[in-house]
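Peer 1: Structure of the sequence below:
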Amino acid sequence: MKVLVVDMTHGGLLISSEFMKIPGTEVLALDIYKSMDPLRIEELKSKGLTFLESLDDIKEYKNQIVESDLTIVAPVHCKLDYDVTLSHHEAVGYLLNDRINIPIIEVTGVKGKTSIVWMLKEIFKDSNPLVLSSLGVEVVEEGEWKVLKRDISITPASIIEAWKLSEGYERGICIFETSLGGTGLADVGILTNLAEDYPIARNSRTASEAKRQIFKSKAVACEIESYNSKYSEFYGKTNTFGNSTNTKNSANLTASQIQFGFDKTNFQIDIVDFKTSNQQILNESFEVSTFAPAPIHITNVLAAVCASLTLGVSIEKIREGLNNFKGVKGRTSINEQDGIRIIEEINPGLNVTSVKKAISMAKNMDSLGVIFGGKYGVTCEEIDEESVSDVLEGIDEDIPLILVDKLGASVKNIIKRNSIYFNDLDDAMETIVDKNLKNVLLIYRSNFSDLKNR
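Peer 2: Below is the predicted model:
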């Protein structure tokens with residue numbers, strides 16, 4: 001069998017190395033983004049990996065063999081002029097299918113993935129979960145969380161890396177955050193939302209098409225509006241969640257009697273015609289208390305509960321896990337500095353929808369200042385400066401707006417409302433202290449690890 005793996009930048013190298021372990025398999029690789037060190041390429045060639053120079057070389061190999069014998073593996077965001085046999089997600093599913101024999105939850109979607117994974121960490125902590133998120137690979141050792149690797153990508157190949165890193169540790173369940181779809185390995189796949197259905201593969205596809213892969217999971221927990229708009233044909237395996245009561249079909253999981261708080265929010269979860277993996281149908285309600293300071297966080301809670309109930313977790317265990325959840329450091333978290341409450345929204349995937357929701361969360365707070373900015377090139381998806389400037393223009397003029405870093409500099413040249421610009425985030429925070437404000441909303445596009453020592 002000949003396998004061509006395309007894209008070494010987003011996990012293809014690891015996928016290639018796993019295919020090379022299969023007897024009788026010749027593996028070809030295409031570094032389509034030319035990101036690899038030439039010395040590393042030569043080293044891998046010496047170990048038996050054949051590198052193609054360009055897409056044109058595929059024609060040569062296709063002419064030498066029966067076309068059906070060439071398996072082309074490429075990520076969903078990569079556009080080729082050839083039929084792709086397996087996406088990177090599907091290849092990971094193929095490679096690990098006989099190696100993982102414990103339950104798996106996969107989480108994909110535009111927003112909320114990491115927060116949902118961290119809620120599931122607390123709910124399943126006693127089950128010794130192996131956790132992969134954009135913040136790292138973790139296991140439980142002697143009742144405490146142990147980080148095996150920090151700041152890992154969430155490309156599907158990272159699932160292979162997480163599984164290998166965790167060898168030797170007790171593992172009772174896998175909780176994997178994955179970009180743009182699922183591998184088909186999951187007992188429950190979660191689709192958080194389609195907050196922005198952005199184009200991929202040189203505008204030939206959309207994110208919603210790629211995320212359809214999550215429905216290869218045995219069961220799926222899907223946000224209700226996304227389900228109704230794109231995926232309703234998967235009715236038999238799907239439970240839905242969401243707060244909207246205006247949709248054509250109401251969700252299986254909704255929230256009511258919500259009492260918001262910055263530290264704890266109390267609300268009731270209502271369950272209607274909910275399908276579990278052991279063929280039960282649930283219709284009941286129960287109360288929870290957890291960190292969920294805004295409506296988007298309520299939706300994230302519902303997603304975590306949806307997956308947990310599907311796997312048969314008891315309501316009491318879900319309550320306990322959610323009560324222990326304190327937010328994700330940097331994503332949405334509450335801190336205090338010099339007597340000022342800081343609501344942090346720090347996210348490498350920050351987009352216009354995120355900014356809208358963050359501002360909505362804080363708009364009724366007294367003595368508020370807003371810091372906005374961040375970096376480019378943190379993820380493949382960049383932010384629309386024009387649209388985000390329109391959102392920032394809508395902030396009340398009485399609220400100080402401070403722009404920082406490269407993203408802030410771009411917005412400064414577009415926005416018309418009063419604002420202050422600083423190159424450095426620390427200088428922005430000092431200005432906030434000088435203004436004697438009680439609350440600060442920090443919206444920053446970055447990996448949290450880049451800021452944690454500020």
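Peer 1: Where do the helices of the stretch 251-400 of the chain begin and end?
Peer 2: In the stretch 251-400 of the chain, helices defined by DSSP state H, counting those that start in this stretch lie at 295-310, 315-324, 352-362, 385-393, listed in chain order.
Peer 1: middle-most residue in the protein, spatially?
Peer 2: For the chain, the residue nearest the mean C-alpha position is residue 113 (3.6 Å; C-alpha atoms, centre = their mean).
Peer 1: I'd guessed that one sits against residue 192; true?
Peer 2: Yes: between residue 113 and residue 192 there is a contact at 5.8 Å, judged by C-beta atoms under 8 Å. To be clear about C-beta, it is placed using only N, CA and C from the backbone, and glycine gets the same treatment.
Peer 1: Can you check which residues contact both of those two?
Peer 2: residue 107 (C-beta atoms under 8 Å, 6 or more residues apart in numbering).
Peer 1: still on that earlier bit, what's the least confident stretch among the helices of the stretch 251-400 of the chain?
Peer 2: Note on the helices of the stretch 251-400 of the chain: helix 352-362 shows the lowest mean pLDDT, a mean of 80.
Peer 1: so what does that one touch, helix or strand wise?
Peer 2: On a contact count with 3 or more C-beta pairs under 8 Å, 6 or more residues apart in numbering; DSSP states H and E, helix 352-362 meets helix 295-310, strand 340-346, strand 368-374, helix 385-393, strand 439-445.
Peer 1: hey, C-alpha coordinates of the last one in PDB?
Peer 2: Once non-C-alpha atoms are left out, strand 439-445 reads as follows in PDB (Å, rounded to 0.1, in the frame of the first residue of the first chain):
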ATOM      1  CA  ASN A 439     -13.800  46.700  36.800                       C
ATOM      2  CA  VAL A 440     -11.800  45.900  33.700                       C
ATOM      3  CA  LEU A 441     -12.700  43.800  30.700                       C
ATOM      4  CA  LEU A 442      -9.500  42.500  29.100                       C
ATOM      5  CA  ILE A 443     -10.100  41.100  25.600                       C
ATOM      6  CA  TYR A 444      -6.900  39.900  24.200                       C
ATOM      7  CA  ARG A 445      -6.000  37.700  21.200                       C
END
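Peer 1: and that strand, what does it pack onto?
Peer 2: strand 340-346, helix 352-362, strand 368-374, helix 425-434.
Peer 1: Quick one: residues contacting residue 130.
Peer 2: By C-beta under 8 Å, 6+ apart, the residues touching residue 130 are 137-139, 162-163, 166, 169, 171, 173-175.
Peer 1: my hunch is that it is in a helix, does that hold up?
Peer 2: No: the assignment for residue 130, made by DSSP: H, G, I helix; E, B strand; the rest coil, is strand rather than a helix.
Peer 1: pLDDT below threshold where in the protein?
Peer 2: For the chain, the stretches with pLDDT under 70 are 59, 61-68, 195-205, 207, 244-249, 330-331, 377-382, 447-454.
Peer 1: Can you name the residues that contact residue 114?
Peer 2: With C-beta under 8 Å, 6+ apart, residue 114 has these contacts: 133-135, 177, 328, 331.
Peer 1: Just the C-alpha atoms of the host helix or strand of it, please, in PDB.
Peer 2: For residue 114, the host element (DSSP states H and E) is helix 113-123. Extracted in PDB, the C-alpha atoms of helix 113-123 (Å, rounded to 0.1, in the frame of the first residue of the first chain):
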ATOM      1  CA  LYS A 113     -14.100  24.000  23.200                       C
ATOM      2  CA  THR A 114     -11.500  24.500  25.800                       C
ATOM      3  CA  SER A 115     -14.000  25.600  28.500                       C
ATOM      4  CA  ILE A 116     -16.200  22.600  27.800                       C
ATOM      5  CA  VAL A 117     -13.200  20.300  28.000                       C
ATOM      6  CA  TRP A 118     -12.200  21.800  31.400                       C
ATOM      7  CA  MET A 119     -15.800  21.200  32.700                       C
ATOM      8  CA  LEU A 120     -15.600  17.600  31.600                       C
ATOM      9  CA  LYS A 121     -12.200  17.400  33.400                       C
ATOM     10  CA  GLU A 122     -14.000  18.100  36.700                       C
ATOM     11  CA  ILE A 123     -17.000  15.900  36.000                       C
END
